[in-house]
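> Okay, here's the prediction I keep looking at, along with the sequence it came from:
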Amino acid sequence: MQLRADALEGHLAKTLAPLYVITSDEHLLALEAADRIRRAARAAGHTERDVLAVDRSFKWNSLLAANQSQSLFGDKKLIELRIPGGKPGKDGGQALQDYVSDLSPDNVTLISLPKLDWATQKAAWVAALQKASVYIDIPLVERSQLPAWIGARLAAQGQSADRQGLVFIAERVEGNLLAAHQEIQKLGLLHGAGPLSFDQIHDAVLNVARYDVFKLNEAMLSGDAARLVRMLEGLKGEGEALPLVLWAVAEELRTLAKLKSGMEAGKPVSALLKEYRIWGPRERLMEPALQRLSRASIEAALHQAAQVDKMVKGLRAKEFAGDPWDALLQLGLKIARG
């Protein structure tokens, strides 16, 4: 049974299923969903809790043993299985299929997974989980959706803000939902119910961006020059290692070059995106970027990236002089502007 995260509260008010699966890369939303299930399980008498985390040394028979073992006091049990890598392997896949085929009526099981890629979603163990569980696939909150998401969270605590205020918060947190959640809670503590002025929001919300070097490429691909400048300045200000930032940009350029070459060979973009395992926000941004950029401009950008690399290493670069961060910004802007 597929269930939207926003329908979970209503579902738990009516029933408690023996098996729940949460898959998401939005850690805050996944944690909140898991907490709702834990509270419902405790209220239903599942007072004992076993937590199993899958790593290289994990023994899958421990999952089967947890399902079969009884509490010393006869309490019902909540079993949590966390698979942070999202790939249980051959033995784990079979163990999961065996597990869901013989669920104990005395237990509730909660399995947590990251967002699964398109190939993993076709695995037999995933199909078995989807068939036997309440399956909650929580999508990423896109940057364009973030102001509305913040508005809904403010409304839940009796507050509201105009579009300017919502966009201001969204820009400061740069897609980090946990940071947004913290700022929303702060506003709830500082101010009572009702509308919030922009000045109240501005004074309360500090720059909490926690810039992600890999989200820099989203700004570059989407052609958002203002965001690109803000993120590069933020990464520099936070002391991020320039070689890592340059590597992320260069990797994206190499991917663009491979995709462009495949398109010129007559392959569909959708097939190329699957071949190079590109999904999520990048998947939606790639095709417009490929239409905007020529093969020559991508190759020129790769050449420029090599020149910036020389600057980072203290060598003389032909096309750039001065600060390598500025040189990297020039490179990123050329890609953003096409």
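Ah, there it is. Numbering: from 1, shown residues only.

> quick one: low-confidence ranges for the stretch 1-150 of the chain?
Across the stretch 1-150 of the chain, the ranges flagged by pLDDT under 70 are 69-74.

> can you pull the contacts of His11?
3, 134 (Cβ atoms under 8 Å, 6 or more residues apart in numbering). No exception for glycine: its C-beta is placed from N, CA and C like everyone else's.

> Quick check on it: phi, psi?
Backbone geometry at His11, expressed as degrees, to the nearest 10, gives phi -60, psi -50.

> Likewise for the one 4 residues further on?
The phi and psi values for Thr15, taken as degrees, to the nearest 10, are phi -160, psi 170.

> mind listing the helices for the stretch 51-200 of the chain?
For the stretch 51-200 of the chain, the helices defined by DSSP state H, counting those that start in this stretch cover 61-68, 89-100, 124-132, 146-156, 163-173, 177-190, 198-204.

> can you tell which of the ones you listed is closest to Arg39?
Nearest of the helices of the stretch 51-200 of the chain to Arg39, taken as Cβ to Cβ: helix 146-156 at 17.1 Å.

> Which neighbouring elements make contact with the closest one?
Helix 146-156 sits against strand 159-161, helix 163-173, helix 177-190, with contacts defined as 3 or more Cβ pairs under 8 Å, 6 or more residues apart in numbering; DSSP states H and E.

> Can you say which of these is nearest to Trp118?
helix 177-190 (23.6 Å).

> now what about stretch 29-37, what contacts it?
So stretch 29-37 is contacted by 5, 8-9, 12, 20, 22, 24, 80, 108, 110, 112, 136, 138, 141, 177 (Cβ under 8 Å, 6+ apart).

> Please produce a PyMOL select command covering the buried subset of the residues you listed.
Command for PyMOL, covering only those of those found buried under the criterion 16 or more other Cβ atoms under 10 Å:
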select buried, resi 5+8+12+20+22+24+80+108+110+112+136+138+141+177
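
> Greatest separation within the contacts of stretch 29-37: which pair is it?
Taking Cβ to Cβ, no two of the contacts of stretch 29-37 sit farther apart than Val108 and Val141, at 27.5 Å.

> Contacts for stretch 90-97, please.
Contacts of stretch 90-97 (Cβ under 8 Å, 6+ apart): 54, 58, 60-61, 63-64, 83, 88, 111, 123-125, 128-129.

> hmm, 6 Å instead?
60, 125, 128 (Cβ atoms under 6 Å, 6 or more residues apart in numbering).

> Compile the residues you listed into CSV and extend it with columns for neighbour count and distance to Glu32.
Converted to CSV, the contacts of stretch 90-97 look like this (neighbours: other Cβ atoms under 10 Å; distance: Cβ to Cβ, whole Å):
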residue, neighbour count, distance to Glu32
Trp60, 20, 28
Trp125, 21, 26
Ala128, 18, 26
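
> just those now: which is nearest Asp212?
Scanning the contacts of stretch 90-97 for proximity to Asp212, where the rule is Cβ to Cβ, the winner is Trp125, at 30.5 Å.

> on that earlier part again, keep only those of the contacts of stretch 29-37 that are in strands.
20, 22, 24, 80, 108, 110, 112, 136, 138 (DSSP state E).

> hang on, the fourth one packs against Val51?
Yes. Counting by Cβ atoms under 6 Å, Val51 is a contact partner of Glu80 at 4.6 Å.

> Show me what counts as buried in the helix or strand where Trp247 lies.
Assigned by DSSP states H and E, Trp247 belongs to helix 242-264. Buried positions in helix 242-264, judged by neighbour count with 16+ other Cβ under 10 Å: 242, 245-246, 248-250, 252-253, 255-257, 259-260, 262-263.

> Then stretch 81-94?
Here stretch 81-94 shows 81, 83, 86-88, 92-93 as buried, counting by 16+ other Cβ under 10 Å.

> Switch the residues you listed over to JSON lines; also include distance to Leu216.
Converted to JSON lines, those look like this (distance: Cβ to Cβ, whole Å):
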{"residue": "Leu81", "distance to Leu216": "34"}
{"residue": "Ile83", "distance to Leu216": "29"}
{"residue": "Gly86", "distance to Leu216": "24"}
{"residue": "Lys87", "distance to Leu216": "27"}
{"residue": "Pro88", "distance to Leu216": "32"}
{"residue": "Gly92", "distance to Leu216": "34"}
{"residue": "Gly93", "distance to Leu216": "35"}
